[in-house]
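> below is the sequence, then the predicted model.
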Amino acid sequence: MVIIYYFATMFKTRILGLILLGVVTACYNPPRNCGAFKEGEFRFTTTIEGSEQTTTFVRTMATEIDFFEGKADTSSVRWINDCEYIVKKLNPQTPSEQKSIHMKILSTTDSSYTFEYGLVGSSKKSRGTAFKLN
């Protein structure tokens, strides 16, 4: 009987500890100073078809100019809130370029931000980190 009581008490203590741990970690929000990244010059590196590709871009409150492989491409920027915005190419060359991209800043540091992006209306999302150059 003592053994059953001991195991029951130990089980209750572990369950309570797990619940408490879940509550504490669920309440954690990574730091986000999105306002510091609304404007400026940035660099983003990603892997495309096994090759590392780097793009730089300059963003103002209303536009974003991407520089990739010697070409510049301008997009409009519409801020939804302090940490989310929609990017839409101003002069799309293909049907896929006509689609808007939803960007969401997830966390920030002094010189970079981690973001999630995907086509508007799509559940498929990718993540990346952009570094502020100026």
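All right, it came through fine. Only a predicted model underlies this, so the values are computations on that prediction, with no experimental measurement involved. Residues are numbered from 1 along each chain as shown.
> list the contacts for D82?
C34, G35 (C-beta atoms under 8 Å, 6 or more residues apart in numbering). The way it works is simple: take the backbone N, C-alpha and C, and place the C-beta from them, glycine included.
> now the phi/psi pair for it, please.
As for D82, its main-chain torsions (degrees, to the nearest 10) stand at phi -60, psi -30.
> with T74 instead?
Torsion angles, degrees, to the nearest 10, at T74: phi -100, psi 140.
> do the same with the one 10 residues further on
Comment: the main-chain dihedrals of E84 come out as phi -130, psi 140, following degrees, to the nearest 10.
> show me the contacts for the closest residue to it other than its chain neighbours.
In space, and not counting its chain neighbours, E84 is closest to K104: 4.7 Å by C-beta to C-beta, 6 or more residues apart in numbering. Counting by C-beta under 8 Å, 6+ apart, K104 touches C83, E84, F115, E116, Y117.
> hey, what's K104 bridged with?
On the basis of DSSP bridges, K104 is bridged to E84, E116.
> tell me how far it lies from F68.
22 Å (C-beta to C-beta, to the nearest Å).
> same question, M103
16 Å.
> domain map for this structure?
Annotated domains of the chain cover 1-30, 34-132 [automatic domain parsing].
> please identify the deepest-packed of those domains.
domain 34-132 (a mean of 14; mean count of other C-beta atoms under 10 Å).
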